[in-house]
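Student: coords please:
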Amino acid sequence: MRILHVRNHEFNGKTLRSSPTAKGGMTIAYENNKHIVTIATAVVSEKDCYCKKTGRELAMQRFADGMTVMLPLPITSRRHVARYLRALFSRYID
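Tutor: Just a heads-up that it's a prediction; the model follows:
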């Protein structure tokens, strides 16, 4: 099982970079099995502070409890799976 943290970001006009905000976000626990990825998530409200430890624990517990979703995976590289999931879910975080 692998863990991915997806955070809200604020754009800084002075440095032209974005930085993660303290509020909101999502943690994804996932396993890649060939062309299927099984995921469980923990979502943080926009009103609450993001905590990696809590998110990881909740997502892993939900995965263990079978509260998962299976998604078709168009790519097989482990590195690309994280990018794919980040791109897929980041639109729901911002």
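
Student: Name the secondary structure element that contains residue 59.
Tutor: Element membership of residue 59 [criterion: DSSP states H and E] is helix 52-64.

Student: quick one: buried residues of that helix?
Tutor: 55, 56, 58, 59, 60, 62, 63 (16 or more other C-beta atoms under 10 Å). Every residue, glycine included, has its C-beta placed from N, CA and C.

Student: cool, stretch 67-86 as well?
Tutor: 68, 73, 81, 82, 84, 85, 86.

Student: how close does the fifth one get to residue 55?
Tutor: In this structure, residue 84 lies at 19 Å from residue 55, with C-beta to C-beta, to the nearest Å as the measure.

Student: Over to the last one?
Tutor: The gap separating residue 86 from residue 55 is 14 Å, by C-beta to C-beta.

Student: Same check on the fourth one?
Tutor: From residue 82 across to residue 55, the span is 15 Å (C-beta to C-beta).

Student: Which elements pack onto the longest helix along the chain?
Tutor: Longest helix of the chain, by residue count under DSSP state H: helix 78-93. Under the contact criterion of 3 or more C-beta pairs under 8 Å, 6 or more residues apart in numbering; DSSP states H and E, helix 78-93 touches strand 2-6, strand 23-33, strand 36-49.

Student: mind exporting it as CSV, just the C-alpha atoms?
Tutor: The C-alpha trace of helix 78-93 is given here as CSV (Å, rounded to 0.1, in the frame of the first residue of the first chain):
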residue,chain,number,x,y,z
ARG,A,78,4.4,3.3,-10.1
ARG,A,79,5.7,6.8,-10.5
HIS,A,80,3.0,7.7,-13.0
VAL,A,81,0.2,6.2,-10.8
ALA,A,82,0.8,8.9,-8.2
ARG,A,83,0.8,11.6,-10.8
TYR,A,84,-2.4,10.2,-12.3
LEU,A,85,-4.2,10.1,-8.9
ARG,A,86,-2.9,13.6,-8.0
ALA,A,87,-4.2,15.0,-11.3
LEU,A,88,-7.5,13.1,-10.9
PHE,A,89,-8.3,14.3,-7.4
SER,A,90,-6.7,17.7,-7.2
ARG,A,91,-9.5,19.3,-9.2
TYR,A,92,-11.8,18.4,-6.3
ILE,A,93,-9.5,19.9,-3.7
